[in-house]
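J.: How does the following fold in three dimensions:
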Amino acid sequence: MGLSLTKAAQWTTASSGTGKLEFTPMNESLLKEILCFVEQFSSQHPQEAEHVFEEPLQWRTTLVASDFKTEYDISEGLPLLQFSPPAVYVRSFSQLSKLVHLADDKKLEEVRTCLEENRDPVVKILGRSFATALEREDTQTDILSLVDKVKDPAKDSETKVKLCLLLQNMDKQILSKLLEEISEKVSLNPTAVKNEVELLKQLCSEGEKRVLKSLRYTSDFEFSNGCRTPLWRQPHGEICYLVIEPCDTETLYITYSTAGVFLNEGIKQEGEESGYERTSDVYTDLVTLLKKIACCYIPSLCLIMYFLSYTYSVYIVICWVLSALFLFSKTSAGAVPVELESSTDSEEEEEQPARHPEGNTDLPPEYWQIQKLVKYLKASDQKATVLTLYAMMDLNLMQETCQLAIRDLGGLEILLNLLDTKEVRCKIGSLKILRKISHNMQISRTIVDMRGLQRMVTTLDSPNKDLKALSAETIANVARFHRARKIVRNLDGIKKLVKLLDCGTPNLAQVSANQEKDVEVARCGVLALWSCSKSCKNKEAIRKAGGIPLLGRLLKSPHANMLIPVVGTLQECSSEESYRVTIQTEGMIKDLVKNLRSDNDELQMHCASAIFKCAEEKETRDLVRKYKGLQQLVSLLGKADNKQLLAAATGAIWKCSISTDNVAEYKHNALQTLVGLLTDQPEEVLVNVAGALGEFAQIPANKPTIGKCGGIKPLVNLLIGTNQALLVNVTKALGACATDKDNMTIIQQLDGVRLVWSLLKKPSPDVQSSAAWALCPCIENAKDSGEMVRSLVGGLELILNLLKSTNNEVLASICAAIAKIARDEENLAVLTDHGVIPLLTKLTNTTDDRLRHHLAEAIYYCCMWGNNRESFGEAQAVAPLVRFLKSKDTAVHLSTAKALYQLSWVPNNVITMYERGVVKVSCSVVVAAFLSPH
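T.: Below is the predicted model of the structure:
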């Protein structure tokens, strides 16, 4: 508790009294030894256990009042144990031992907290004089001489001295035990350190060509383990201290430890109590430190001699590392699955700032193992490099701490440099490590910054199949952001990856042993293309390189690990029309439908996603129906716990139901299941379900079914959301359902019309137009619709304000809504007062037939109030309407004829029509209507 706590324990900060004990194996061993000492103290030393401390040990305990079941003695008016929640005060070892027993399974936690809050417990136990003696005297000091030195007049001086020696012996035992553990784990043989020092001493000659003036140890005494540092510093991994005088700079004070070489605050000779703190970066060896800090030129011959002397120790260390890491691998966590990002409209992704470990606190043992292994990679030969790589592979490389440690300690640069060598085993070992650590996005970005992708793309040309497969799989992990995908494309990596897909195996169900590697290379190539396909330009590059037919061939594979990346790539590329057409013509839809029956949820999800995108084409929708894929998609709705699969399945059902023939194929239970998915689902699922219901409702027989299944209420509840795609689909579904009288009654009862109307305030043109289209059947089928519209405060003003929109779809839908509203005279009067006529007239110069149709319809109904016919003529709306008759759309002809009929009740309007050639144009329309086969 003296030296062991102050010098062997590892604290999070050097500031006295403010630090915490780190969660390290060394501290764990230290705490266990102290706990064992305290637990056994009362039974082994009953007299010393009753000694009252000079000051109480106090800390915040986890114990509560109910844990204390016995009474405690009072000594000289002071309680030996005082509990003031959450603080506890202890004045003797006997009470300390009892309290530890009460803590039960929290014993170590209590000891840790006690030591953290009492950084110098010996002073509190024995007093300052005894504590000083404990630090300075050795175990051979007899009791009487120690009493004389302390000169303590108290009666219990002899007991205090005995207690002092017990604590001193305990310190020695703990330090010795920790030293044994550290010695077993020493990663660098002190012999190698000695060889390096002796070699550099040869450079301390006389004359102008000398490199160093002098180099010496601070201590001439060498322990049996080869270290020259004090016993209590060896648990920190320190091997020796050096004092070096370079020729051109000031004297350097150096610490050589198992972690590396660094400058200290100035240890000049043996026995100094300060100066151990590190004041520089940690370097792999003394030569590197001298070159970096002292700018010394070390001759190449000396470096060669140094590495030759170093090689044997490296082999010894590698053997230890292999055995030690085998133990670590037994307890390492499992691998983290790769999460492939979905494609987005924008190819730009935010560059995330690099993360670095904060100091050396709370680092796991693997971090220090990696530090040593990276050092060996820098200094070892070919065989040692291979051994080190395989030792590193035994670590849990899927753990983020290990991944970032490799980067921060310089290992990533070495691994990438190994790809430039000609040694295949080194390349394979390097790529196996890179394949794992590149799952970390920070590592991937660093690889790109270090031009690692260029080396990997070059490796794709290697004749070695293992190298090609590993390179492609690592590219798949790295190419998850725009810059990396662009680099792969610019290096012709897309062509090389597509080339890997040609495994030369016609029947993937029966693969020989020789062909297995070719198939594995193809699988890794597809993984890389999957990542790259999230870029629009890369999709085009894959198509031009001939990737689609090769993907179609691999789609015949019976193995899920091949099919998942293949289908994933196809569904990414299906956002392009050229891909959708090719997938359909190449017969891939049949294979996609077939794989919907797979037992693999991920494969089913990607197949459904591919169908969702490809079903934009009518031919694809027909093929899905032909190959019996519709009911299979419905069956996937039963896997409601898998939200990604559910989203893909509902999306595919939505797009396939755009064809009314497909809707007729769905069984009655499909509609019920979809309605049941309108609650407690992610927005992505809700968007698809609402879209599907909107298409199902296009068939009159399905409208009452949706109402009877309870679908109207959840649809209305979704109108208060903010997702634009969801609002568009929900309003479309409600609009289609509103043509049924019973459904419309439910919508009115739930105040659904007001909620739909409020969506006209949304800034999105898609939401505005969809809401306006939905209002049309609501107004037409509502009971007392005129009064309902008037009850919506500010509703008509909102409608008229949208006539100023620049979006033709919004204008067409608003005109259609005005045509419905204007059928009520009171509402038409309000519209007229608010200036509907000039607003409609401004739109008559449009060439959009859809807008023309609904605009003419709105003018027709607005003519039926007061002097509106004359007002349209005065606003010069008549002449443009005549031009509407030249359209090829018969719906425009019909609505325009109705509008002109109403306007013709005003003589001036008739004159304008005649001047604009209405008779000739009308005759042409009539003749065309008679000649039309319809």
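
J.: How about exporting the helix or strand where residue 27 lies as CSV, limited to the C-alpha atoms?
T.: Under the criterion of DSSP states H and E, residue 27 resides in helix 25-44. C-alpha atoms of helix 25-44 as CSV (Å, rounded to 0.1, in the frame of the first residue of the first chain):
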residue,chain,number,x,y,z
PRO,A,25,-4.4,-6.0,-15.8
MET,A,26,-1.6,-4.7,-13.6
ASN,A,27,-4.0,-2.6,-11.4
GLU,A,28,-6.4,-5.5,-11.2
SER,A,29,-3.6,-7.7,-9.9
LEU,A,30,-2.6,-5.0,-7.4
LEU,A,31,-6.1,-4.6,-6.1
LYS,A,32,-6.5,-8.3,-5.6
GLU,A,33,-3.3,-8.5,-3.6
ILE,A,34,-4.2,-5.6,-1.4
LEU,A,35,-7.7,-7.1,-0.9
CYS,A,36,-6.2,-10.5,0.1
PHE,A,37,-3.9,-8.7,2.6
VAL,A,38,-6.8,-6.8,4.2
GLU,A,39,-9.1,-9.8,4.5
GLN,A,40,-6.5,-12.0,6.2
PHE,A,41,-5.0,-9.2,8.4
SER,A,42,-7.3,-9.6,11.4
SER,A,43,-6.8,-13.4,11.7
GLN,A,44,-3.0,-13.3,11.1
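
J.: for that helix, packing partners?
T.: When contacts are defined as 3 or more C-beta pairs under 8 Å, 6 or more residues apart in numbering; DSSP states H and E, helix 25-44 sits against helix 46-49, helix 93-103, helix 107-117, helix 157-185. Where C-beta positions appear, they are placed from N, C-alpha and C, glycine not excepted.

J.: For residue 237, give me phi and psi.
T.: Note on residue 237: backbone dihedrals following degrees, to the nearest 10 are phi 80, psi 10.

J.: Quick check: next helix or strand after the worst-scoring helix or strand of the chain on mean pLDDT?
T.: The weakest-scoring helix or strand in the chain, judged by mean pLDDT, DSSP states H and E, is helix 300-331 (a mean of 39). Using DSSP H and E, the helix or strand that follows helix 300-331 in sequence is helix 365-379.

J.: The helix or strand just after that following helix versus helix 365-379: what angle between them?
T.: For helix 365-379, the succeeding helix or strand toward the C-terminus, using DSSP H and E, is helix 382-393. Between helix 382-393 and helix 365-379, the angle comes out at 160 degrees (axes from the mean of the first three to the mean of the last three C-alpha atoms, to 10 degrees).

J.: Now helix 382-393: average pLDDT?
T.: For helix 382-393, mean pLDDT is 84.

J.: Now do the lengthiest strand in the chain: which elements does it pack against?
T.: Taking DSSP state E as the criterion, the chain has its longest strand at strand 238-246. Identification of packing neighbours for strand 238-246 by 3+ C-beta pairs under 8 Å, 6+ apart yields helix 190-201, strand 212-217, strand 252-257, helix 286-293.

J.: picking up where we left off before, give me the buried stretch members for the helix holding residue 27, please.
T.: Going by neighbour count (16 or more other C-beta atoms under 10 Å), the buried part of helix 25-44 is 26-27, 29-31, 33-35, 37-39, 41-42.

J.: So for stretch 899-908, what gets flagged as buried?
T.: By neighbour count with 16+ other C-beta under 10 Å, stretch 899-908 contains the buried residues 899-900, 902-904, 906.

J.: So which of these are in helices?
T.: Counting by DSSP state H, the members of the buried residues of stretch 899-908 that fall within helices are 899-900, 902-903.

J.: wait, isn't residue 496 in contact with residue 459?
T.: No. Assessed by C-beta atoms under 8 Å, residue 496 is found out of contact with residue 459, at 9.7 Å.

J.: Strands along the chain, start to end?
T.: Per DSSP E, the chain carries strands over the ranges 57-60, 74-75, 78-79, 81-84, 87-90, 212-217, 238-246, 252-257, 260-263.

J.: Can you give the distance of the first one from its chain's centre?
T.: Put simply, strand 57-60 sits 42 Å off its chain's centre (C-alpha atoms, centre = their mean, to the nearest Å).

J.: Go ahead and name everything in contact with that strand.
T.: Strand 57-60 has contacts (C-beta atoms under 8 Å, 6 or more residues apart in numbering) with 86-91, 96, 110, 113-114, 116-118, 121, 124-125.

J.: Now do the contacts for the residue lying closest to residue 283 once chain neighbours are set aside.
T.: With sequence-adjacent residues excluded and distances taken as C-beta to C-beta, 6 or more residues apart in numbering, residue 283 is closest to residue 289, at 4.2 Å. Residues in contact with residue 289 (C-beta under 8 Å, 6+ apart) are 254, 261-263, 280, 283.

J.: tell me the pLDDT at residue 289?
T.: We note a pLDDT of 82 for residue 289 in this prediction.

J.: Ok, residue 882 next?
T.: pLDDT, residue 882: 87.

J.: and the nearest residue to residue 211 once chain neighbours are set aside, how far is that from residue 197?
T.: Once flanking residues are discounted, residue 211 sits nearest to residue 203: 4.2 Å by C-beta to C-beta, 6+ apart. For residue 203, the distance to residue 197 equals 11 Å [C-beta to C-beta, to the nearest Å].

J.: coming back round to it: what separation is there between the residue nearest to residue 283 and residue 264?
T.: From residue 289 to residue 264 the distance is 12 Å (C-beta to C-beta).

J.: Check residue 525 too.
T.: For residue 525, the distance to residue 264 - C-beta to C-beta - is 53 Å.

J.: repeat for residue 901
T.: The value you get for residue 901 to residue 264, if C-beta to C-beta is used, is 102 Å.

J.: again, but for residue 795
T.: Distance from residue 795 to residue 264, by C-beta to C-beta: 81 Å.

J.: Check residue 8 and give its pLDDT.
T.: 64.

J.: and what of residue 479?
T.: 93.

J.: Could you give the number of residues near the closest residue to it other than its chain neighbours?
T.: Spatial nearest neighbour of residue 479, chain neighbours left out: residue 531 (4.2 Å); criterion: C-beta to C-beta, 6+ apart. Other residues lying near residue 531 total 27 when counted by other C-beta atoms under 10 Å.
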